[in-house]
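S.K.: what follows is a protein structure lacking sequence information:
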Ligand SMILES: CC(C)(COP(=O)(O)OP(=O)(O)OC[C@H]1O[C@@H](n2cnc3c(N)ncnc32)[C@H](O)[C@@H]1OP(=O)(O)O)[C@@H](O)C(=O)NCCC(=O)NCCS
């Protein structure tokens, strides 16, 4: 069986990305959205990210079927945060536990490092054990738990930030 591999997302991947996103919205609290996204919203997100030079990558199998995707963008819009980016990674339910999440997350680390970013950070629901383990295995540390920051499916959700300092050169000018 050929290993999954990564490539930049293309407009033809939109339906797969949308399906993975909306499955997570409807069936999990991995993303604190409740209303499914429209195809137009996902298309705008993809082109906005790519036009800004930000990565949106898909993991595909030998038949080019999308197994998952990952991206990062600004953490907060102020200059002082210019070298901190927030990522997300989603793997289709049928493709989990085969290393696809790890492949995508490592690609985000490599891309952000190459781009001169200093911190990669993800906000994760505190009981999302799969995501926390995945991140810790990739060198992320968990910050403290922020209680009851969100609400979905009739219960409060706690947030943990998972952050990784990247190997950027200390001599680079800031920001
Ligand atoms: C979290 C998620 C991305 C993991 O993707 P995946 O492809 O299944 O993960 P991998 O197969 O690459 O696993 C890598 C490591 O993560 C950890 N891990 C993954 N799934 C796990 C689970 N269900 N329970 C515990 N640890 C898990 C393990 O340490 C694993 O290493 P191992 O296989 O050597 O034990 C996937 O479960 C997912 O898409 N979940 C829904 C969306 C989400 O929560 N995204 C993250 C929030 S932004």
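M.R.: That came through fine. Small disclaimer: the values here were computed from a predicted structure and weren't measured. Residues are numbered from 1 along each chain as shown.

S.K.: burial count for the nearest residue to residue 146 once chain neighbours are set aside?
M.R.: Nearest residue to residue 146 in three dimensions, chain neighbours excluded: residue 159, at 4.5 Å (C-beta to C-beta, 6 or more residues apart in numbering). In short, each C-beta sits where N, CA and C put it, glycine included. When neighbours are counted by other C-beta atoms under 10 Å, residue 159 registers 17.

S.K.: ok, now which ones touch residue 159?
M.R.: Neighbour list for residue 159: 123-126, 145-146, 149-150 [criterion: C-beta atoms under 8 Å, 6 or more residues apart in numbering].

S.K.: please repeat the previous calculation with a cut-off of 10 Å.
M.R.: Contact analysis of residue 159 by C-beta atoms under 10 Å, 6 or more residues apart in numbering lists 32, 123-126, 143-150.

S.K.: which element is it on?
M.R.: According to DSSP states H and E, residue 159 maps onto strand 155-165.

S.K.: and stretch 132-144, which residues are buried?
M.R.: By 16 or more other C-beta atoms under 10 Å, the buried positions in stretch 132-144 come out as 132, 134-135, 138, 140.

S.K.: of all those residues, which comes closest to the ligand?
M.R.: Comparing the buried residues of stretch 132-144 against the ligand with C-beta to the nearest ligand atom places residue 134 closest, at 3.4 Å.

S.K.: just checking, that closest one touches residue 90?
M.R.: No. Counting by C-beta atoms under 10 Å, residue 90 is not a contact partner of residue 134; they are 11.6 Å apart.
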